[in-house]
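Undergrad: sequence? don't have it. structure:
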Ligand SMILES: Cc1cc2nc3c(=O)[nH]c(=O)nc-3n(C[C@H](O)[C@H](O)[C@H](O)COP(=O)(O)O)c2cc1C
Ligand SMILES: C=C(O[C@@H]1CC(C(=O)O)=C[C@@H](OP(=O)(O)O)[C@H]1O)C(=O)O
């Protein structure tokens, strides 16, 4: 079973992930993984921290000569900012616990409940781990998963479809999205709407406020039958939602038309099934986003995620000092103003992990050769039943 763990604090030495369950002989392209990390850092609205970090991975185990060995892969992303934080963050030396202490807890963050639950008088002990810095690890893991799936022509893309109330309601082809997202901007493929989004981010920033939005993730060439209807914890939509909701600041996940299923009649929600000799079994529409009964249908997987506005405001919100219980304004050091574009890259890679996990579960194989043979035999069997790739 494909699984991973991440470890590390936002201003600690490194972020570490261990990805276990990758078959052997998968060739890894480090530049492509680093490109994903760069994209996560680049979006419009990011704060000063991104000027310090230049995320790249260092593979510490599980790979030899650019090919996976079948064992756990350990991945390091160094925090450059550690140089500025070592006297507060060193794990095994005495550290300065006072001068960077966070007592004025921030609404919308894990600060308050984290301090109560883990018995801390310093919210730094909470925020270091709850920080979305951890998403760099998830992107590194997802980027490796993408490289596994590339061997089977399964591809991923994502774009920003909403910033605040500015929406891009158009439906685009997968390749059009891939070619037109600009990582240095908002990752909205419609350039006119993107300008409005940038204007909106700037406007909100000038008032000391923050803004959220919606990202869409697409997966192309997924085979039918990833996931299962047989038990709730085998449903792939459930697992996608868990991993995406487990991403910092994601407050809603929709598959296909999502909440709109409730506004429409059944005839406008279901995707009718058709067959012709040339294309095999197909759908004219894909409103249910490529998942039925907890399984992929073979149509494109379409997922949307709502990201809340960044909780740290330059116009600070009212809160309390966790130790004196006096009223204060929430602490602020520095912060992103809008991280929706970054979140699009994160969610895309989070989805890549889940799709890869279910793909390996369905197809099986300790090495790339076995995987390919099993895959071909499944595709052939589906072909005999009328489904064509
Ligand atoms: C890519 C990304 C960047 C983020 N940057 C910041 C930030 O700079 N400042 C901040 O206060 N929150 C930021 N957040 C959001 C917080 O990490 C998140 O809201 C917080 O950990 C509480 O978790 P929750 O929103 O899931 O409840 C970011 C989230 C993501 C996904
Ligand atoms: C470091 C990253 O994002 C951070 C996520 C984050 C938060 O509270 O979630 C707060 C900020 O951290 P800092 O206070 O160090 O500037 C962001 O920069 C990153 O995405 O790599």
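TA: In hand now; what should we look at? Please read these numbers as outputs of a predicted model, since none were measured by experiment. Ligands and ions are numbered 1, 2, ... in the order given.
Undergrad: Residue 44 is in contact with residue 181, isn't it?
TA: No: using Cβ atoms under 8 Å, residue 44 is not in contact with residue 181, being 11.9 Å away. Glycine gets a C-beta too; all of them are placed from N, C-alpha and C.
Undergrad: what sits against residue 111?
TA: Residues near residue 111 by Cβ atoms under 8 Å, 6 or more residues apart in numbering: 102, 105, 123, 126-127, 130, 322.
Undergrad: quick one: it and ligand 1, what's the gap?
TA: 9 Å (Cβ to the nearest ligand atom, to the nearest Å).
Undergrad: Tell me the pLDDT of that residue.
TA: Residue 111 is assigned 97 on the pLDDT scale.
Undergrad: do residue 332 as well
TA: For residue 332, pLDDT reads 70.
Undergrad: Contact partners for it?
TA: When contacts are taken as Cβ under 8 Å, 6+ apart, residue 332 is in contact with 106, 312-314, 316.
Undergrad: and the next element down the chain from the host helix or strand of residue 126?
TA: For residue 126, the element it lies in under DSSP states H and E is helix 124-130. Next in sequence after helix 124-130, counting helices and strands by DSSP H and E, comes helix 135-150.
Undergrad: tell me how far that following helix is from the chain's mean position?
TA: Put simply, helix 135-150 sits 10 Å off its chain's centre (Cα atoms, centre = their mean, to the nearest Å).
Undergrad: Are it and ligand 2 in contact anywhere?
TA: Yes: judged by Cβ under 6 Å from any ligand atom, helix 135-150 and ligand 2 are in contact via 135-136.
Undergrad: just the residues of the protein that are near ligand 2, which are they?
TA: 10, 47, 49, 53, 131-133, 135-136, 248, 333-336.
Undergrad: Could you identify the buried members of the residues you listed?
TA: Using 16 or more other Cβ atoms under 10 Å as the burial test, the residues of the chain next to ligand 2 include 10, 49, 53, 131-133, 135-136, 248, 335-336 as buried.
Undergrad: could these go into a markdown table alongside pLDDT?
TA: As requested, these are arranged in a markdown table below (pLDDT from 0 to 100):
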| residue | pLDDT |
| --- | --- |
| 10 | 98 |
| 49 | 91 |
| 53 | 95 |
| 131 | 97 |
| 132 | 98 |
| 133 | 98 |
| 135 | 98 |
| 136 | 98 |
| 248 | 98 |
| 335 | 82 |
| 336 | 88 |
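Undergrad: Switch the residues you listed over to a markdown table, and while doing so, append distance to residue 155 to every line.
TA: Putting those into a markdown table (distance: Cβ to Cβ, whole Å) gives the following:
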| residue | distance to residue 155 |
| --- | --- |
| 10 | 31 |
| 49 | 30 |
| 53 | 27 |
| 131 | 30 |
| 132 | 25 |
| 133 | 27 |
| 135 | 21 |
| 136 | 22 |
| 248 | 25 |
| 335 | 33 |
| 336 | 28 |
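Undergrad: near ligand 1 too, which of those?
TA: Among those, proximity to ligand 1 is found for 131-132, 135, 248, 335-336 (Cβ under 6 Å from any ligand atom).
Undergrad: Widest-spaced pair of the residues you listed?
TA: Spatially, the most separated pair among these is 135 and 335, at 15.1 Å (Cβ to Cβ).
Undergrad: Distance of the most centrally placed residue in the chain relative to ligand 2?
TA: Centroid-nearest residue in the chain, with Cα atoms, centre = their mean: residue 347, separated by 2.3 Å. Going from residue 347 to ligand 2 by Cβ to the nearest ligand atom gives 13 Å.
Undergrad: so when I look at that residue, I'm seeing a strand, right?
TA: No: under DSSP: H, G, I helix; E, B strand; the rest coil, residue 347 sits outside any strand and is assigned helix.
Undergrad: How far off centre is whatever helix or strand residue 15 lives in?
TA: In this structure, residue 15 sits in strand 14-20 according to DSSP H and E. Relative to the centre of its chain, strand 14-20 is centred 16 Å away, using Cα atoms, centre = their mean.
Undergrad: and what of stretch 126-136?
TA: With Cα atoms, centre = their mean, you get 14 Å for stretch 126-136.
Undergrad: how far out from the middle of the chain is the helix or strand of the chain with the lowest mean pLDDT?
TA: Least confident helix or strand of the chain, by mean pLDDT, DSSP states H and E, is strand 327-329 with a mean of 90. Relative to its chain's centre, strand 327-329 lies at 33 Å (Cα atoms, centre = their mean).
Undergrad: Contacts for it, please.
TA: For strand 327-329, the external contacting residues (Cβ under 8 Å, 6+ apart) are 103-104, 316-321.
Undergrad: With distance to ligand 1 and pLDDT added, can I get these in TSV?
TA: Formatted as TSV, the contacts of strand 327-329 follow (distance: Cβ to the nearest ligand atom, whole Å; pLDDT from 0 to 100):
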residue	distance to ligand 1	pLDDT
103	17	94
104	13	93
316	11	82
317	11	91
318	16	94
319	13	94
320	18	96
321	18	95
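Undergrad: Based on its surroundings, how many neighbours for residue 105?
TA: Neighbour count for residue 105, taken as other Cβ atoms under 10 Å: 24.
Undergrad: Check the spacing between it and residue 321 real quick.
TA: Residue 105 is 8 Å from residue 321, where distance means Cβ to Cβ, to the nearest Å.
Undergrad: for residue 84, same thing?
TA: Applying Cβ to Cβ to residue 84 and residue 321 gives a distance of 25 Å.
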